[in-house]
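> Structure, please.
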Amino acid sequence: MKSIPAFFFVFFLAMGVTAQTISYDVLDINRVKARINSNGSHFWDQQGIAKYEVPKGSGINAIFAFNTWCGGRDVDGQLHLAGGRYNTAGQDYWPGPVSDTNSYTAGFDTLWDKVWKINKTEIDYHKNHYWVAGYTAPPAILSWPGNGNPALGQAARLAPFYDLDADDMYEPMDGDYPMIRGDQSVFFIMNDNRSLHSETGGKAMRLEIHGMAYAFDCPEDSTLQYTTFLHYDIYNRSAAVYHDTYLAAFLDTDLGSAWDDYIGCDVGRGSFFTYNGDNIDGNYGAFPPALATTVLGGPYLDPDNLDNPKFDNQGNPLCDLSINGLDFGDGIVDNERYGMSKFVYTTNCASGPTCDPAVAADYYKIMHGMWKDSVVMQYGGNGHPNAGATGGNCSFMFPDLSDNCNWGTNGIQPPGYLTGAGGSGASWTEANAANPPNDRRGTLSMGPFTFLAGDHQEMDLAFVWARQYTDSSALAAVDLLKTRIDKLRTYFRMDSIPCGGSFSGIVSPSQDLSTLEVFPNPASTVLNLKYNNRSGAATYQLINVLGERVGQGKLRNMEINQIPLSGIIPGMYFLVVYDGNVVKTKRFLRK
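Got it, this is the predicted structure:
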């Protein structure tokens, strides 16, 4: 058991506050057992017990608590923010959709203080049997919150569903069904509008968040077996426009034992990770694991009518947001999404500029890469001039050698610059900052963006676990973790997983059903591609598991196109066909 910060806990008891009773369920379809709570504060029981067990059945947990933050300024410059960490002083989020103030009643709680857990197999069965006499749909499908009540100030459409008869009403016994991600999902809705924000003291934004935690049952892929995903659809239900808005993910990672951890980040991979500070963990023992929080896709950049590039005219990667962002240089205008913009590690202490946030202004500063005393994070030591920092301003704490072009230091070469076979860049880790291993938590942020009234933003995160059994060094697990992150980023970008199907969700009958066939598979010298070239201008790309393009071309209008594989090394690849607004993906092996 890990306790919440002691000074908060004393306040918590002194005020006579009791923990909120909330609904929850668990994701458990792969090798992780993760508790998902209806108030959005996940992976713990709200009373001090971690509930992110990995491997499932081991009794050992890797995460203590997660929460999401969102903050921006209105037209008058007033800060609005919803956040939280442990809900010890109260809360900023409540279950259910944004509604009229007088609608938040005990009856509202009965209806909305819920989570909806569904397996893809249940949906498949429902699609094929909803009309059969005597069939009863699972409770989560019957009660799926597809519609709100506009008479109570709620949006008419809420949870995603396939609307078979196109009447905008979710009616499962008429053939409608939930649209989920993964092979198992837990869905929840929450808002920051119900009452005063007693956790941060921030002004309400009138946010409505539709969250979907999900996982895949893909036994042949160890990366997916040890990963949990979170997808957020975030709606601004207010009439206000918020400028300089950020989203953030806060994670308290207790990797087995809470008291022997280090934390770091990987700028290019849009991730921060926790790893053991020595080679023996207090709970996992020898061969300690590592865990990463990865931004697969953050909020969308403000539109500029451009397809912002990823490479310069000479084909060199640009040193800007495209380093870890999504959909840069893909030929589509204004679809670019943020990756990790800032990463900050704060300390579990009662006072001082680098301690955990207490009020809304503290949260907002952290999302900007600033400390509570308004000093911008600086390179070295623990990121503050009073805590050993020796360099200039920076955006990412403990990046080691991952910031190769010094993007996080505004292009300025910081102290400790290294060049060698392992890469080049400035090496800054907790170890070379001489920190003793201890309890760690971190916050990564994404932004800034303009959040328009009635607008919608998205956030996609992955929680990735890795353990290397052939090398007892704690850092060996970090190396494996990075390999797994690379694979996940490719799966997400290609919207495909090794076990087949879409990464982003169940394909609805309204989507394009033309088939793409590749053979032989595995292939050696030539890959045959069979596809109905509807536009007459279809193209293809070959992508490796690291997301790198290794081949491309146009498809001729003939029954079978042959793609030469000479010069492509053996391994797994993705063939992606682009045909107008249709994208098709197939996995194949080059032997």
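> okay, and for this protein, where does confidence drop off?
The chain contains residues with pLDDT under 70 at 1-21, 417-426, 506-514, 535, 580-582.
> Just list the residues touching the residue nearest in space to the middle of it, thanks.
Nearest residue to the geometric centre of the chain (Cα atoms, centre = their mean): residue 461, 0.7 Å. By Cβ atoms under 8 Å, 6 or more residues apart in numbering, residue 461 lies in contact with 229-230, 249, 293-296. (C-beta placed from N, C-alpha, C; glycine too.)
> again with residue 529
Listed by Cβ under 8 Å, 6+ apart, the contact set of residue 529 reads 516-518, 540, 555, 560-563, 575, 577.
> Check residue 386 too.
residue 353.
> That one should be in a helix, yeah?
Yes: remark: residue 386 belongs to a helix, assigned using DSSP: H, G, I helix; E, B strand; the rest coil.
> So which residues of the chain form helices?
Applying DSSP state H to the chain gives helices spanning 6-14, 106-112, 120-129, 139-142, 222-225, 360-367, 474-494.
> Packed most tightly, which of those helices would that be?
Comparing these by mean neighbour count (mean count of other Cβ atoms under 10 Å), helix 360-367 comes out on top with a mean of 24.
> Counting by contacts, list what that one packs against.
Counting contacts by 3 or more Cβ pairs under 8 Å, 6 or more residues apart in numbering; DSSP states H and E, helix 360-367 packs against strand 65-73, strand 79-82, strand 242-253, strand 342-344, strand 440-451.
> Against residue 400, how distant is residue 277?
Note on residue 277: its distance to residue 400, by Cβ to Cβ, to the nearest Å, is 15 Å.
> picking that back up, tell me the two of the contacts of residue 461 that are most distant?
Spatial extent of the contacts of residue 461 (Cβ to Cβ) is set by the pair 229 and 249 at 12.5 Å.
> before we move on, the earlier item: out of the contacts of residue 461, who's nearest residue 450?
Nearest member of the contacts of residue 461 to residue 450, counting by Cβ to Cβ, is residue 295, at 19.4 Å.
> from what I can see the closest one touches residue 446, true?
Yes: with contact defined as Cβ atoms under 8 Å, residue 295 reaches residue 446; the gap is 6.3 Å.
> shared neighbours of the two, anything?
By Cβ under 8 Å, 6+ apart, the residues touching both residue 295 and residue 446 are 338-340, 459.
> Where neighbours are concerned, which of those has the most?
Neighbour counts for the shared contacts of residue 295 and residue 446 (other Cβ atoms under 10 Å) peak at residue 340, which has 27 neighbours.
> Leaving out sequence neighbours, find the closest residue to residue 156.
Nearest non-adjacent residue to residue 156, counting by Cβ to Cβ, 6 or more residues apart in numbering: residue 150, 5.4 Å away.
> Would you reformat the helices of the chain as a markdown table and include distance to residue 157?
Shown next, in a markdown table, are these (distance: least, Cβ to Cβ, whole Å):
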| stretch | distance to residue 157 |
| --- | --- |
| helix 6-14 | 38 |
| helix 106-112 | 16 |
| helix 120-129 | 18 |
| helix 139-142 | 17 |
| helix 222-225 | 30 |
| helix 360-367 | 30 |
| helix 474-494 | 25 |
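> Relative to residue 387, how far out is the spatially closest residue to residue 52 that is not a sequence neighbour?
Excluding the flanking residues, the one nearest residue 52 by Cβ to Cβ, 6+ apart is residue 63, at 3.7 Å. Applying Cβ to Cβ, the value for residue 63 to residue 387 is 26 Å.
> In terms of packing, which of these two has more residues around it?
Ranked by neighbour count (other Cβ under 10 Å), residue 63 and residue 387 place residue 63 first, with 27 against 16.
> Please enumerate the strands of the stretch 401-550 of the chain.
In the stretch 401-550 of the chain, the segments counted as strands under DSSP state E, counting those that start in this stretch are 417-420, 423-426, 440-451, 456-466, 516-519, 526-531, 539-544, 549-554.
> any idea which of those is most buried?
Of all these, strand 440-451 carries the top mean neighbour count, a mean of 24, counting by mean count of other Cβ under 10 Å.
> what separates that one from the chain centre, distance-wise?
12 Å (Cα atoms, centre = their mean, to the nearest Å).
> That strand versus strand 65-73: what angle between them?
In terms of direction (axes from the mean of the first three to the mean of the last three Cα atoms, to 10 degrees), strand 440-451 departs from strand 65-73 by 30 degrees.
> for strand 440-451, packing partners?
By 3+ Cβ pairs under 8 Å, 6+ apart, strand 440-451 packs against strand 65-73, strand 242-253, strand 261-266, strand 271-276, strand 290-297, strand 342-344, helix 360-367, strand 456-466.
> can you rerun that using 6 Å?
strand 242-253, strand 261-266, strand 271-276, strand 342-344 (3 or more Cβ pairs under 6 Å, 6 or more residues apart in numbering; DSSP states H and E).
> Can I get that strand in CSV, CA atoms only?
Provided in CSV are the C-alpha atoms of strand 440-451 (Å, rounded to 0.1, in the frame of the first residue of the first chain):
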residue,chain,number,x,y,z
ARG,A,440,8.4,9.3,-8.6
ARG,A,441,5.6,11.1,-10.5
GLY,A,442,5.6,13.1,-13.7
THR,A,443,3.4,15.4,-15.9
LEU,A,444,3.6,15.6,-19.7
SER,A,445,1.7,18.4,-21.4
MET,A,446,0.5,19.0,-24.9
GLY,A,447,-0.2,22.5,-26.5
PRO,A,448,-0.8,25.3,-26.7
PHE,A,449,-4.0,25.4,-28.7
THR,A,450,-7.1,27.6,-29.0
PHE,A,451,-10.2,25.8,-27.7
